[in-house]
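K.L.:
Test case, fold it:
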Amino acid sequence: MRNTGNKFVLAALLFSMVLVGCKTKVSTVETMPLDKESMDMVMSSPSVVVPRTCLSGNVKLSVNVDGSPFSAKGTMRIKEGNGVQIGVTALGLIELACLEFLPENMRLIYKIGKEYTEVPYSDVTFLEKTGINYSMLESVLLNKLFSPDGRPFLQAMKDMSFGNEGNCITVTTKEINGIIYKFYIDKIKGELVQSEGTHVDGGKVICHYSDFCTVNGATFPHTILLTLEGVGSAASLQFVLDRVDTGNFMFTPRSVSSYKKSKPEQMLKLLEKI
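P.N.:
Below is the predicted model:
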């Protein structure tokens with residue numbers, strides 16, 4: 001039990017660092033007209049028009065870091081503008097660890113050792129250089145088509161490139177802070193099935209969505225697969241959601257008042273010894 005929790009924490013921290021640090025070559029994006037049928041499909045996509053502000057449920061995590069696979073069960077809770085909480089539980093009852101992505105910082109809480117670490121986004125130099133922030137992670141996990149530069153989607157569309165690849169309509173942005181984003185929308189169902197982020201100097205993040213279900217009028221994927229390549233490492237994380245609920249809830253960061261605050265590198269050393 002302890003080993004599973006430790007591995008998850010290490011993998012989750014690695015995932016967050018790879019996510020904000022990986023990069024690849026930049027290409028020029030040329031805008032082009034989109035035919036009416038394709039435009040109607042993009043504009044009617046649930047990823048554009050259906051609000052997704054809350055998501056909670058049980059989750060099975062399958063993690064593979066540099067060829068070392070393992071799995072864990074837990075919970076995931078997301079509230080737009082508030083934060084993302086991913087907790088790992090033992091026997092479905094005891095939470096061993098929690099990774100929180102909050103609008104201001106990332107927090108890793110290790111309950112067995114009663115320690116936590118906290119990293120403000122502003123202190124992460126490579127995060128600023130890549131331009132990836134909390135809003136991007138939130139949008140990826142909520143399966144939302146979004147404008148990475150912060151403009152409303154309708155306004156940002158005029159600077160995007162549209163195309164057709166197999167069964168999908170593709171939407172590609174221009175370079176934004178060294179990143180080019182590409183979204184794939186299923187032509188038949190109108191669902192956002194894949195998001196990509198490619199970055200200067202090498203590396204890629206791909207988020208693939210599948211097994212969609214409709215809950216309270218909102219469409220969500222049961223399975224979210226993140227594949228990360230770059231920074232001398234490769235990782236994949238698969239989230240299989242169960243008992244998905246889109247109802248509103250109060251979001252409160254985990255209390256760390258009785259925990260010892262450690263530096264990220266100290267936390268990693270502690271976990272590696274156990």
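
K.L.:
shaky segments in the stretch 1-150 of the chain?
P.N.:
Applying pLDDT under 70 to the stretch 1-150 of the chain picks out residues 1-34, 91-92, 124-132.

K.L.:
What are the boundaries of the helices in the stretch 101-250 of the chain?
P.N.:
125-130, 134-141, 153-156 (DSSP state H, counting those that start in this stretch).

K.L.:
Please save the CA atoms from stretch 252-259 in CSV.
P.N.:
Only the C-alpha atoms of stretch 252-259 are listed here, as CSV (Å, rounded to 0.1, in the frame of the first residue of the first chain):
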residue,chain,number,x,y,z
THR,A,252,-11.8,23.5,-0.6
PRO,A,253,-8.0,22.8,-0.8
ARG,A,254,-6.8,20.1,1.5
SER,A,255,-5.9,21.3,5.0
VAL,A,256,-2.1,21.2,5.6
SER,A,257,-2.2,23.1,9.0
SER,A,258,-0.7,20.2,10.8
TYR,A,259,1.8,19.2,8.1
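
K.L.:
distance of Asn105 from Leu99?
P.N.:
The span separating Asn105 from Leu99 equals 12 Å under the rule C-beta to C-beta, to the nearest Å. For every residue, glycine as well, the C-beta is placed using N, CA and C.

K.L.:
More neighbours: which of these two?
P.N.:
Leu99 (23 against 18; other C-beta atoms under 10 Å).

K.L.:
tell me which residues form a beta bridge with Ile78?
P.N.:
Leu55, Val84 (DSSP bridges).

K.L.:
Would you confirm that it contacts Gly57?
P.N.:
No: contact criterion C-beta atoms under 8 Å: Ile78 and Gly57 do not qualify, at 9.7 Å.

K.L.:
wait, what's in contact with the nearest residue to Glu196 once chain neighbours are set aside?
P.N.:
Of all residues not flanking Glu196 in the chain, Lys182 sits nearest, at 4.4 Å (C-beta to C-beta, 6 or more residues apart in numbering). Going by C-beta atoms under 8 Å, 6 or more residues apart in numbering, Lys182 touches Thr170, Val171, Thr172, Thr173, Ser195, Glu196, Thr198.
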